[in-house]
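Novice: Sequence and predicted model, in that order:
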Amino acid sequence: MIQGNRSMGSLKSKLVLVVRKDLDMSIGKIASQVVHAIRRNPNLKPYEGNVDSGHVCITCYVKSEQKLYNLAEKAREAGIPCSIQVDGGKTEVAPNTPTVMALGPVDTEEEIAELNKLTKKIQLL
């Protein structure tokens, strides 16, 4: 379960990154794609504080492009911000391959609960 061990009242925001595991990307490639997904996410706002300040970021995976798009559709239907990183194809994957999706960030108790509901069965990376 990826909901974490904090009570929802102590969370200030939550971001879930979803990596496509079927692409067999190297750890370095996954790391760079996650960074691109975070940096290019139009919904992210800078925040002050450290890891203990209630801002949570979790990375998990799905096993196919279809599962990534299915999750994206459910997120949009639930009003959860969603952006998908598409790779340029210069190293390990073909051009225009969707690699990572950012869900959120969300910052209200209701949104966090909805994001938890959407992602509760997804495995951590």
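Specialist: Sure, I can see it. Numbering: from 1, shown residues only.

Novice: give the contact list for the spatially most central residue of the chain.
Specialist: Geometric centre of the chain, nearest residue: Leu17, 1.8 Å, by Cα atoms, centre = their mean. For Leu17, the contacting residues are Val34, Ala37, Ile38, Cys57, Ile58, Thr59, Cys60, Val100, Met101, Ala102, Leu103, by Cβ atoms under 8 Å, 6 or more residues apart in numbering. Bear in mind the C-beta positions are built from the backbone N, C-alpha and C, glycine included.

Novice: got it, and Asp87?
Specialist: Asp87 neighbours (Cβ under 8 Å, 6+ apart): Gln33, Val93, Ala94, Pro95, Asn96, Thr97, Pro98, Thr99.

Novice: ok, the fourth one to Asp87 distance?
Specialist: With the distance defined as Cβ to Cβ, to the nearest Å, Pro95 ends up 7 Å from Asp87.

Novice: same thing with the first one?
Specialist: Counting by Cβ to Cβ, the separation of Gln33 from Asp87 is 7 Å.

Novice: Could you tell me which residues touch both of these two?
Specialist: Shared contacts of Gln33 and Asp87, counting by Cβ under 8 Å, 6+ apart, come down to Thr99.
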